[in-house]
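**Student:** Need a 3D model of the following:
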Amino acid sequence: MTEVALLFPGQGSQHVRMAAGLYGQDEVFTDAVDEVFAALGPDGPAIRADWLTDSPAVPLDHVTRSQILLFTVGHALGRMILSWGVQPAALLGHSVGEVAAATLAGVFEVRAATELMWRRVQELAAAPAGGMLAVAATVEDVAGVLTDEVVIGAINAPRQLILSGPEQPLAEASAKLRAAGRTCLRVPATSAFHSPALADAAARCLPSVAAAQPSPPKIPMISGYTGFRLTDTEATDPAYWASHPVEPVRFWPAVGTLLGPDSPLAAGGVLVETGPSQLLAKAARMHPAVRAGEARVVGMLPARAGGPEADLAAVAACRETLAAG
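**Tutor:** Numbering: from 1, shown residues only. Okay, the predicted model is just below:
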């Protein structure tokens, strides 16, 4: 079987009923999802209900739904891939996706990861309102609109940035960029992820991460925050994990490490986006190694919401691709 690296997406990839077509159809996926919902205790049933309906009581873009459900779905899809006999060579998560990756790698036990995630989203939900803005530009292009409040929240590709900050300053930055001819698009988010606006909330999460007692990963991980291989020192440091809501995501440098000369993934490997929407797959396809045919990229779920049949068909196609080598 071809060597595989798994990519776990974060905020902005969520959509109504994401991966819900697999629930009750795949035993491993269903059991993994139910394990997380059970760990959420009395909050679990409401979160499950919002996930499985076309009309959630709490919108999926809200931090108390998007974050926990992206973690849940990513982890469950990862468990499904392992059940196929795939032993990933590496894992790379974007934002909350890194917690899903870490749980699959054994850094966190499922219950502990769920509890720290739920504590984190509650703290973030209480933080000042904010948002995120996708901009087709380089770091140099946006320098003129960056402030103490509006910052680069993610570097997803050479000309794909995410700016983050409180609502009014972010709106002002958007207006300036649009006036300059830049293409901008709001990311589905109600919080200013990866910005100083969440510093206080992130600091309050430190005890819950320490209580989770993180361990060294059993599967190699590429950090979406440093852009390099996650060290055992970083993986076991609660401060590393607690800082994630504030620190910028360096997805593109991390992809460079994943596909570089020191990669744990052998040449000709496959990158599998282990979550909804295929936004990471789209970015990864821009890498020179993928363009040269030295690596391939596939999505485990459809690029757009398409119902249960589309979910099942996409998963079957992914499995067939991995089995074919």
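**Student:** quick one, helices of the stretch 151-300 of the chain?
**Tutor:** Here the stretch 151-300 of the chain has its helices, by DSSP state H, counting those that start in this stretch, at 167-179, 199-204, 206-211, 232-235, 238-242, 251-258, 279-284, 288-291.
**Student:** So which of those helices is nearest Pro42?
**Tutor:** helix 206-211 (17.7 Å; Cβ to Cβ). To be clear about C-beta, it is placed using only N, CA and C from the backbone, and glycine gets the same treatment.
**Student:** list the helices and strands the closest one packs on?
**Tutor:** Judged by 3 or more Cβ pairs under 8 Å, 6 or more residues apart in numbering; DSSP states H and E, helix 206-211 is in contact with helix 110-125, helix 238-242.
**Student:** Tell me which residues are up against the shortest one.
**Tutor:** For helix 238-242, the external contacting residues (Cβ atoms under 8 Å, 6 or more residues apart in numbering) are 99, 102, 116, 202-203, 205-206, 209-210, 212, 214, 225, 234.
**Student:** Regarding the protein, what is its longest helix?
**Tutor:** helix 63-83 (DSSP state H).
**Student:** Now do that helix against helix 110-125, angle only.
**Tutor:** 150 degrees (axes from the mean of the first three to the mean of the last three Cα atoms, to 10 degrees).
**Student:** And helix 63-83, what's buried?
**Tutor:** 63-82 (16 or more other Cβ atoms under 10 Å).
**Student:** quick one: average confidence on stretch 170-181?
**Tutor:** Stretch 170-181 comes out with an average pLDDT of 97.
**Student:** re earlier: need the helices of the stretch 151-300 of the chain in TSV (columns: mean neighbour count and distance to Leu91).
**Tutor:** Putting the helices of the stretch 151-300 of the chain into TSV (neighbours: other Cβ atoms under 10 Å; distance: least, Cβ to Cβ, whole Å) gives the following:
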stretch	mean neighbour count	distance to Leu91
helix 167-179	16	31
helix 199-204	17	22
helix 206-211	16	19
helix 232-235	15	12
helix 238-242	20	15
helix 251-258	23	10
helix 279-284	22	12
helix 288-291	14	18
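**Student:** Quick check: which of the ones you listed is nearest to Ala126?
**Tutor:** Short answer: helix 199-204, nearest of the helices of the stretch 151-300 of the chain by Cβ to Cβ, at 6.8 Å.
**Student:** picking up where we left off before, please enumerate residues in contact with the next helix or strand after the longest helix of the chain?
**Tutor:** As assigned by DSSP states H and E, the chain's next helix or strand after helix 63-83 is strand 90-93. Strand 90-93 has contacts (Cβ under 8 Å, 6+ apart) with 5-8, 10, 74, 78, 98-102, 104-105, 217, 219-222, 224, 251, 254-255, 258, 263-265.
**Student:** one more time with 7 Å
**Tutor:** Contacts to strand 90-93, defined as Cβ atoms under 7 Å, 6 or more residues apart in numbering, come from residues 5-8, 99-101, 104-105, 219-222, 224, 254, 258, 264-265.
**Student:** same check, this time on stretch 188-205
**Tutor:** 11-12, 14, 61-63, 95, 119-120, 123-124, 126-132, 149, 151, 153-154, 164-166, 242-243, 245-249.
**Student:** If anything else comes up later, I'll come back, but that's it for now.
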